[in-house]
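**Q** Could you look at this predicted model? Sequence included:
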Amino acid sequence: MKRSTYPYWLSVLGVVLFMPPAQAQSRPGDELWNQPGIVGTIVVGLLLVVGVVLLAIVRLAALVRRLYPPKDHQQQLAFEEAVANLTPHQLDQILQRRHDLDYRLTGSELTGLKRPHDPQALVRHVTTDMHAPLVAEKKHTIRSRDVEPALIRLVGAYLLSAAFWLLFGTLVGWYVGIKFVRPDIDHLEWLSFGRIRPVHTNTVFWGWSSLSMLGLGQFVVARTCNTHLFSYRLGWVSLVLINACLLLGTLCLMNGINNGGGEYREFVWPVMALFVLGLVVSLLNFYQTIAHRKIEEMYISNWYMLAALSWVIILAVIAYLPFYQDGLGETVIQGYYMHQGVGMWFMSFTLGLVYYFLPMSLNKPIYSYSLGVLAFWTQLLFYTMIGTHHYVFSPVPWWLQTVAIVFSAGMLIPVLAGTTNFVMTFWGSGKHVTGSYSLPFLAVGVLFYFAGSVQGSMQAFRFTNVIWHFTDFNVAHSHITMYGIIAFLLWGCIYTVVPRFLGREPRQLLVGIHFWFALIGLLAYIFSLMIGGTLKGLSWLAGEPFINGVMMMAPFWLWRAIGGTLMLLSHGIFAYNLYDMLLRKASELAPVPTLPIDDHVAESA
C-alpha cells in the first residue's frame, strides 16, 4: 500500500510547487494539472467548499449576535456629545415631546383571564421560554386557508411514501457502504452487494425522488393554473401503481431476479411497467389540469413538469424494448437511459418545482422568465446527446463519443442560464435566507446545481475519462447530482409548502440538524471518493496491480461510511419532521397564533 500511494502524493506536491512544463512524450498522469477538465473540477470543488464555509460563517455570526448583542460605542459617544451640546430651549422641546409620548402598557393586554386579542396582527409568535434559544428563531409560516383538504391528503400521502422509501433506500445504501469497510459482515445471498446495491439506487430514484416530485407537482400545477386538480382519483391510482412497482421490484432484486447488468434499470419489465403506467396516469392528470386552467398563459413550472413526464415515459419504453439491446447497441442505450433519467426526468421536473417554490419562499417573482425558457430549450437540445460520454475509449463509434463530449460542453448554456436566474432571484434577500428554515436547502441545491453540472461537463473530456472512468469518482458525481441537487431542492420545496397545509411547523432545531447533518455528510462522502477515485485512476495508469488500488481506497471508504451515517441520521430527522407536520394530532400541538392572511405568492409570478 505504501508503494502505491506515496509516490502519487509526492508527484502531486511536486507539481503544485514547481509546475514543470509538460513533455511531448509524457504519460497522461504526468500532465494531470495542465488539463482543463482537472483544473475545472478542482475550481468547482473549491467553490463548493467556499460556499459552504460562507454559509456556516453567516449562520454562526447570526447565532453569536443573538447570544451576545453588540454594543455600538461610537454611536453612544456621539449621542452623549450631542446631548451635552443642546441649548436649554432644545432640551425643553425634547422633554416636552417625551412627556407627550410617554405611554406605558399596563402589562395585561395579552395576559390575565381574558383571551389574548390582537386585531392588528402585531404578534407573530408567542412563547413562555424566557431563556435565549440555542439557535436563532426563524420566521414562522402562515397557513394557507384556500388549499383543498383533498389536495392536502393526496400530496401528504405522496410525501410520506417518499419519506419511507428514502429511509429504507438509504438504510440499504448505508449498509452497502459498510460492506466496503467490513466486507465479511455477512454471508447471506439476499444481502450480497450485487443484490442490495440496485435496491438502494432504485428505491431512492423511483421511490423517494419520483414520489416527492409528483406529490409537490400536483400542488404546483393546481396553483399555477388557478384551478382544481383534474382528478384526485387518478392521483391516488398513480401512487398505488408506483408503490406496487417499488415493493415488487425490491423483492425481486433481493431474490436475484433482475433485468441484467443495466445500471438503474435492474427491475424486470413487468415490474417497471407498473411504474410507467403510474407515470402515464400522472401525465394525463397534469395535462388535463393545465388544459382546464383559468389563466391564459402557462407558467414555466408546467413546461418543465409536462416535458419531464413525457420524456421519462419515452425513455423507459426505449430502455426496455429488446430488439436493439445486443452488443454495443445495449451499451449505447444504457448510456442514453442512465443520463436521460437524471437530466430529463429528475433534473427537469425538480427545476420546474424550484421555479414555483423559490418565488413563494422569497415572496418575489422569478428574476427572468426568458432565462427560464432559454434554459428549458437548451437543456432539451444538449442533454439528449451526452449519454455516450460514459463510454469514451470504448468500441462505440468515435464520432458518437465526440458528439457526446461536445454536447456535454454545450450543457454549460442551460446551467448558466438557470443558475443566473436563481441567484438573481436570491439577490438582495439575504435576510430572508438567514430567517428561513427552507431557503438554506434551496440555496445549497442551487450551489450544487451549478457545481455538479459544470463538474459533469468537465468529466466528459477524454483526458478526465482516462483517469476517473470506472473509479469511485463516478459514485461521488452521482451523489453530487441526485443528493446535492435533487434531494436538497426537494427538501427546500417540502419545508416551504407543507407547513402551510395545516399550520403545523417542524421544530426549527430539528430542521437545522437535518440540514447540517445532510450537508456535512455529503461533503465527507463526495470529497473522500473524489480524492480516492483520482488516486485509484492514477494507480491504474501507472500499471500497478489492481489490488493496490483496492488497498489504497480503504481510508476513503471509511470516510464514505462516516458521511453516509450522517446522511442517514438526517433522513430520520426529516421523516420525523414530516410526521410532525402532517400526522401529529392537533391536541399534541402547541397553540400558535393564526393570522387572518391568505398567501397567493407564486401565482402572480
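**A** That came through, no problem. None of these values were measured; they are calculated from a predicted model. Numbering: from 1, shown residues only.

**Q** my guess is Phe230 meets Arg293, correct?
**A** No - assessed by Cβ atoms under 8 Å, Phe230 is found out of contact with Arg293, at 10.4 Å. For glycine as for every other residue, the C-beta is placed from the backbone atoms N, C-alpha and C.

**Q** Between those two, tell me which one has more neighbours.
**A** Phe230 (21 against 17; other Cβ atoms under 10 Å).

**Q** burial count for Asn465?
**A** 21.

**Q** residue ranges with poor pLDDT in this protein?
**A** 1-33, 65-77, 102-137, 585-605 (pLDDT under 70).

**Q** May I have the phi/psi pair for Ser429?
**A** phi -120, psi 30 (degrees, to the nearest 10).

**Q** Same check on Leu583?
**A** phi -120, psi -10.

**Q** Check Asp184 too.
**A** Here Asp184 shows phi and psi, under degrees, to the nearest 10, equal to phi -100, psi 30.

**Q** And the one 3 residues further on, by the same measure?
**A** The main-chain torsion angles of His187 are listed as degrees, to the nearest 10 and equal phi -140, psi 40.

**Q** Let me see the contact set for Thr227.
**A** Neighbour list for Thr227: Thr289, His292, Arg293, Lys294 [criterion: Cβ atoms under 8 Å, 6 or more residues apart in numbering].

**Q** what do you get for Trp174?
**A** Trp174 touches Ala561, Gly564, Thr565, Met567, Leu568, counting by Cβ under 8 Å, 6+ apart.

**Q** Name the residues of the strand or helix carrying it that are buried.
**A** In the assignment (DSSP states H and E), Trp174 maps to helix 149-181. For helix 149-181, the neighbour count (16 or more other Cβ atoms under 10 Å) marks 151-152, 154-170, 172-180 as buried.

**Q** likewise stretch 411-429?
**A** Of the residues in stretch 411-429, those buried (16+ other Cβ under 10 Å) are 411, 413-422, 425-426, 429.

**Q** Mind checking which of the contacts of Trp174 land in helices?
**A** Ala561, Gly564, Thr565, Met567, Leu568 (DSSP state H).

**Q** isn't the first one right next to Val176, touching?
**A** It refers to Ala561. No - applying Cβ under 8 Å as the test, Ala561 and Val176 come out as separate, 9.8 Å apart.

**Q** Let me know the closest of the contacts of Thr227 to His390.
**A** Thr289 (36.5 Å; Cβ to Cβ).

**Q** which SS class is the residue lying closest to that closest one once chain neighbours are set aside?
**A** Once flanking residues are discounted, Thr289 sits nearest to Phe230: 4.3 Å by Cβ to Cβ, 6 or more residues apart in numbering. Following DSSP: H, G, I helix; E, B strand; the rest coil, the label given to Phe230 is coil.

**Q** Just put the buried residues of stretch 411-429 in a markdown table and tack on secondary structure and distance to Asn465.
**A** Shown next, in a markdown table, are the buried residues of stretch 411-429 (DSSP: H, G, I helix; E, B strand; the rest coil; distance: Cβ to Cβ, whole Å):
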| residue | secondary structure | distance to Asn465 |
| --- | --- | --- |
| Met411 | coil | 16 |
| Ile413 | helix | 22 |
| Pro414 | helix | 22 |
| Val415 | helix | 20 |
| Leu416 | helix | 23 |
| Ala417 | helix | 26 |
| Gly418 | helix | 25 |
| Thr419 | helix | 25 |
| Thr420 | helix | 29 |
| Asn421 | helix | 31 |
| Phe422 | helix | 30 |
| Thr425 | helix | 35 |
| Phe426 | helix | 34 |
| Ser429 | coil | 40 |
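
**Q** of all these, which two lie farthest apart?
**A** Met411 and Ser429 (27.6 Å).

**Q** just to revisit the earlier point, same list, the ones in helices among the contacts of Trp174, but as TSV with neighbour count and distance to Asp92 please.
**A** Output for the ones in helices among the contacts of Trp174, formatted as TSV (neighbours: other Cβ atoms under 10 Å; distance: Cβ to Cβ, whole Å):
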residue	neighbour count	distance to Asp92
Ala561	20	75
Gly564	23	72
Thr565	17	70
Met567	24	67
Leu568	20	70
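
**Q** Make CSV out of the residues you listed and add distance to Cys225.
**A** Below are the ones in helices among the contacts of Trp174 laid out as CSV (distance: Cβ to Cβ, whole Å):
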residue, distance to Cys225
Ala561, 46
Gly564, 40
Thr565, 43
Met567, 36
Leu568, 38
